[in-house]
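K.L.:
Build the 3D model from these lines:
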Amino acid sequence: MTDTALAARPDLGGTTGLPAHARIAAWLEQLIATRALHPGDKLPAEVDIAAALGVSRMTLRQALAAIEAKGLIRRSRGRFGGNFVEVPRLEFDHTGLPGFTEQMRRLDMTAGARLVSATTRPAGLEVRRALGLKRGARVHEITRIRSANTQPVLLEETYLPAALFPGFLDADLTGSLYARMADEFGVPLVSADEHIEATPATATHSELLGVATGDPLLLVSRTAYSRDGVAVEFSHDYFRADRSRIRVKSWVDRDTQARVETSPAS
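P.N.:
Model prediction:
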């Protein structure tokens, strides 16, 4: 952080209702978002920032912890340690079913796709079970690297029933697969079951995503369904954990809510 970036200090007075550490966190987040602070920049010593802002180091550390949780800074100890600005993580909203292209549009970023492989072959056991296919049924297997502003973010392994999407591999596979499924084949996706877990990067992941072997990835395994409840897509999406985070919005179960609202007062 330079003296120039420090000059436009946050307003810690007034009655906004937000505590000082939250206002400092929002200020730092804005400096990173507007590129007043760049990835790799080292922030001044905590004691110097706290003194410049007129707050305690404890208050400042609360602010730093908040933006660290968002992946905006990396805090390290030791002789060459400190607080370093990171590349902001992309937030993928998995509450609905927007594809990667739509997610990038919402983030005002350019979506890219590099085709790694595309083939039609008999479905393996895992894919057959997910898609409800019989032994010997064939699927289109499409592997792509998806990028945001040319930077690789995730590796997609997509499986589609070949009988439902004849000739799917004959056209361009670098655009939105979901759009093609809906527009050309009349099969829009309306729901999905997803499982999210951590997995270490393999040598193949390392080569394709530009991470080190063993680095953590976020694996999203998804089975998506059409309007009539038929499974039409199964996929494994391997997200770079250093570039991504996944948002899921939850609601209270209606039956549980009804029981709470109708239960007698104690």
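K.L.:
From what I see, Thr150 and Ala111 are in contact.
P.N.:
No: in terms of Cβ atoms under 8 Å, Thr150 does not count as a neighbour of Ala111; the distance is 10.3 Å. Bear in mind the C-beta positions are built from the backbone N, C-alpha and C, glycine included.
K.L.:
which of these two has more neighbours?
P.N.:
Neighbours were tallied for Thr150 and for Ala111 using other Cβ atoms under 10 Å; the higher tally belongs to Ala111 (20 against 8).
K.L.:
mind listing what that one touches?
P.N.:
Ala111 is in contact with Phe100, Thr101, Gln103, Met104, Arg105, Arg146, Ser147, Ala148, counting by Cβ atoms under 8 Å, 6 or more residues apart in numbering.
K.L.:
From those residues, list just the buried residues.
P.N.:
Burial of the contacts of Ala111 was assessed by neighbour count (16 or more other Cβ atoms under 10 Å); the buried members are Phe100, Thr101, Gln103, Met104, Arg146, Ser147, Ala148.
K.L.:
Tell me which of these fall in helices.
P.N.:
With helices taken from DSSP state H, the overlap with the buried ones among the contacts of Ala111 comprises Phe100, Thr101, Gln103, Met104.
K.L.:
Report the two of those residues separated the most.
P.N.:
Thr101 and Gln103 (7.3 Å; Cβ to Cβ).
K.L.:
Let's have the contacts of Ala111 in TSV, adding distance to Ala45.
P.N.:
Putting those into TSV (distance: Cβ to Cβ, whole Å) gives the following:
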residue	distance to Ala45
Phe100	40
Thr101	43
Gln103	38
Met104	37
Arg105	40
Arg146	39
Ser147	36
Ala148	33
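K.L.:
could the residues you listed go into TSV alongside pLDDT and distance to Glu86?
P.N.:
As requested, those are arranged in TSV below (pLDDT from 0 to 100; distance: Cβ to Cβ, whole Å):
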residue	pLDDT	distance to Glu86
Phe100	78	22
Thr101	75	25
Gln103	76	20
Met104	76	20
Arg105	76	24
Arg146	89	21
Ser147	87	18
Ala148	83	15
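K.L.:
so which of these would you say is closest to Leu90?
P.N.:
Ala148 (5.9 Å).
K.L.:
and the closest residue to the closest one other than its chain neighbours, what does it touch?
P.N.:
Among residues not flanking Ala148 along the chain, Met109 sits closest, at 4.8 Å (Cβ to Cβ, 6 or more residues apart in numbering). Contact partners of Met109, counting by Cβ under 8 Å, 6+ apart, are Leu90, Ala148, Asn149.
K.L.:
what's the answer for Phe92, then?
P.N.:
If a contact means Cβ under 8 Å, 6+ apart, then Phe92 has Gln103, Phe239, Ser244, Arg245, Ile246, Arg247 as its contacts.
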